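**Student:** Need the 3D shape of this:
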Amino acid sequence: MGGENVVGESAETSAPVRVVGYLGEAAPVSAAARRAVAEADLVVGGRRHLDAFDVPEDRRLVLGPLGPAIEALQARGDRRAVVVASGDPGFFGIVRRLRHAGLDLLVEPAPSALALAFGRLGLPREDGQIVSAHGRDLRRALNVVRAHDTVGVMTTVGAGLREIAAGLTAGAASWPRRLALLEHLGEAGERVRWFTPDEALALDPSDIAEPNVVVAVRETDGTDHTDQTGGAGAWTGPGMPWRLGDRGRRRDEERWRDDVLAALAVGILGPMPGDLVLVGDGLEGVAGAVDERGAAVLRTDAGPAPVGVDTCDGVLPTYVEPDLVCVTSRHLPVLDRLLGAPGTHRWRGVVVVTDGAALVSDASALTGLLGDVPLRQVDVPALTPLADPVETAAGGRNDAGGRAGHRLLVATRDRP
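**Tutor:** Residues are numbered from 1 along each chain as shown. Model (predicted):
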């Protein structure tokens, strides 16, 4: 039978590292956690956290790069160790890295900074998406902001309020949002401010205190959707909102679901949250299906200066370079600049909608643009409507009532 077992502790192993979440006066730390910090032989944390607990210099390790802290924790032997981290350390926090390093942990979380942010703003948290810009490509966090009504962003230096605002107002492309900046949550000097993207860009960087989080909110019509799917739309991918119900939030939703061309194109491209998908005019069903997958949609036409896209002398702004593209034949003359800066194209999938009469010429034009990337052809197994007739790169036009036996020219590659 043996004696009582303590979780994470045995005769052969060190006691677990205790990880304490701290969010200032907003979430008082338990007496047990304070006692653990006071009795620990080694306390790891940011300087402001260690100062808040009055940790003596001889027992503190101030966090900079995480590597040395992990090495010290791994070499602690039988010494008692505590890590003090912001908010909920298991939510976009330090817990993942510590676990990956093989450390046995006992975590006492506080509310996450974004949980507190949604509370300060009076917003229902189940309606929001949460993304982190810490050590990640800001483009993907931006694309979630572009795609959803309410998004909380865990910011970092160089990927914060002003960078998000720049990504929402990149050239002619625009995603109207209100941006809430919440600084020093739960601490002295806490501040909550609202900005438009233009106001955020005009803000002096020295007037932005660290740490902070940003919540981006799209203005709505005020309709209560509590009996419908939560979140920005009817997305049912990973991170699906908790509230389930009628998905009838989009007027044309049923028509999109019956669109065979859209189903094929989106199935081939595989859009996901964090992607930006460039969709040509006449492909409303594709745009709707992409939106349902939680990806951001940017619409464009085939004119010399595509609507909704700033070509910046032939290339898109960095924050607007698409991950995926679905356009009709008439976009072929401008496709190269729609894909982004030459030599740095980020795209991983391109679909061009064409028809039998233009298939050979369009395939040749697309091959000339994409070089060595192999093309494949997918037949659409039904007559499918387009809002506008297909116009080929060679200037031909299929205008049989806006309906055609369509073919998809497909190019895919691994993400650069």
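
**Student:** which phi and psi does Arg120 have?
**Tutor:** Main-chain dihedrals, Arg120, degrees, to the nearest 10: phi -60, psi -30.

**Student:** Next, the contact list for it, please.
**Tutor:** With contact set as Cβ atoms under 8 Å, 6 or more residues apart in numbering, Arg120 has these partners: 182, 185, 192. Where you see a C-beta, it was placed from the backbone N, CA and C, and this is true even at glycine.

**Student:** Check the gap between it and Leu161 for me.
**Tutor:** Distance of Arg120 to Leu161, given as Cβ to Cβ, to the nearest Å: 16 Å.

**Student:** Tell me which residues of stretch 20-33 come out buried.
**Tutor:** The neighbour-count check on stretch 20-33 (16 or more other Cβ atoms under 10 Å) flags 20-24, 26-27, 29, 33 as buried.

**Student:** can you redo the residues you listed as CSV with secondary structure?
**Tutor:** Shown next, in CSV, are those (DSSP: H, G, I helix; E, B strand; the rest coil):
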residue, secondary structure
Val20, strand
Gly21, strand
Tyr22, strand
Leu23, coil
Gly24, helix
Ala26, helix
Ala27, coil
Val29, coil
Ala33, helix
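
**Student:** of the contacts of Arg120, closest to Pro56?
**Tutor:** Leu185 (27.2 Å; Cβ to Cβ).

**Student:** Would you mind confirming that the closest one makes contact with Val213?
**Tutor:** Yes. Judged on Cβ atoms under 8 Å, Leu185 makes contact with Val213 at a distance of 7.1 Å.

**Student:** between these two, what contacts are shared?
**Tutor:** Common neighbours of Leu185 and Val213 (Cβ under 8 Å, 6+ apart) are 113, 117.

**Student:** got the contact list for the residue nearest to His184 when sequence neighbours are not counted?
**Tutor:** In space, and not counting its chain neighbours, His184 is closest to Glu190: 4.9 Å by Cβ to Cβ, 6 or more residues apart in numbering. Residues in contact with Glu190 (Cβ under 8 Å, 6+ apart) are 24, 182-184.

**Student:** Which residue lies nearest the spatial centre of this protein?
**Tutor:** When Cα atoms, centre = their mean is applied to the chain, the residue found nearest the centroid is Ala141 (3.1 Å).

**Student:** measure it to Val95 for me?
**Tutor:** Separation of Ala141 from Val95 (Cβ to Cβ) stands at 20 Å.

**Student:** Which residue, other than its chain neighbours, is closest to Arg409?
**Tutor:** Careful, residue 409 is Leu; it's not Arg. Val352 (4.4 Å).

**Student:** While we're on Arg47, how confident is the model there?
**Tutor:** Arg47 carries a pLDDT value of 94.

**Student:** Phi and psi next, for it.
**Tutor:** Here is the backbone geometry of Arg47 (degrees, to the nearest 10): phi -60, psi -40.

**Student:** thought it was touching Val62?
**Tutor:** Yes. Using Cβ under 8 Å, Arg47 is in contact with Val62, at 5.1 Å.

**Student:** Show me which of these two is the more surrounded one.
**Tutor:** Ranked by neighbour count (other Cβ atoms under 10 Å), Arg47 and Val62 place Val62 first, with 16 against 12.

**Student:** Which strand residues bridge that one?
**Tutor:** For Val62, the beta-bridge partners are Gly45 (DSSP bridges).

**Student:** Quick check: phi and psi on Leu338?
**Tutor:** Dihedral angles (degrees, to the nearest 10) for Leu338: phi -70, psi -30.

**Student:** which residues touch the closest residue to it other than its chain neighbours?
**Tutor:** In this structure, Leu338 finds its nearest non-sequential neighbour in Leu278, 5.9 Å apart by Cβ to Cβ, 6+ apart. Each residue near Leu278 by Cβ under 8 Å, 6+ apart is listed here: 298, 300, 309, 322, 324-327, 338.

**Student:** for stretch 160-175, the distance to its chain's centre please.
**Tutor:** Remark: stretch 160-175 is offset 14 Å from the chain centroid, using Cα atoms, centre = their mean, to the nearest Å.

**Student:** what's the model's confidence in that stretch, averaged?
**Tutor:** For stretch 160-175, the mean per-residue pLDDT is 84.

**Student:** List the buried residues for that stretch?
**Tutor:** Within stretch 160-175, the residues that count as buried by 16+ other Cβ under 10 Å are 160-170, 173, 175.

**Student:** what's the answer for stretch 125-143, then?
**Tutor:** The neighbour-count check on stretch 125-143 (16+ other Cβ under 10 Å) flags 125, 127-133, 138-143 as buried.

**Student:** Closest one to Arg76 out of those residues, please.
**Tutor:** For the buried residues of stretch 125-143, the closest approach to Arg76 (Cβ to Cβ) belongs to Ser132, at 28.2 Å.

**Student:** hang on, that closest one packs against Gly93?
**Tutor:** No. With contacts counted by Cβ under 8 Å, Ser132 stays clear of Gly93, the gap being 9.3 Å.

**Student:** about what we covered before: looks like the residue nearest to the centre of the chain contacts Val131 (just checking).
**Tutor:** Yes. Counting by Cβ under 8 Å, Val131 is a contact partner of Ala141 at 4.3 Å.

**Student:** on that earlier part again, which neighbours does the helix or strand where the residue nearest to Leu409 lies have in its sheet, and in what orientation?
**Tutor:** Per DSSP states H and E, Val352 falls inside strand 349-355. Note on strand 349-355: by DSSP bridges, its sheet partners are strand 324-328 (parallel), strand 406-412 (antiparallel).

**Student:** And for the first one, what's in contact with it?
**Tutor:** Spelled out, that is strand 324-328. Contact with strand 324-328 is made by 265-266, 269-271, 275-283, 286, 290, 295, 300, 302, 335, 338-339, 347-354, 386, 388, 390-391, as judged by Cβ under 8 Å, 6+ apart.

**Student:** Next: stretch 88-100.
**Tutor:** With Cβ under 8 Å, 6+ apart as the test, stretch 88-100 has contacts from 17, 19-21, 66, 70, 73, 83, 85-87, 105, 107, 109-112, 115, 130, 132, 134, 154.

**Student:** try 7 Å
**Tutor:** Contacting residues not belonging to stretch 88-100 are listed as 17, 19, 21, 66, 70, 83, 85, 87, 105, 107, 109-112, 132, 134, 154 [Cβ atoms under 7 Å, 6 or more residues apart in numbering].
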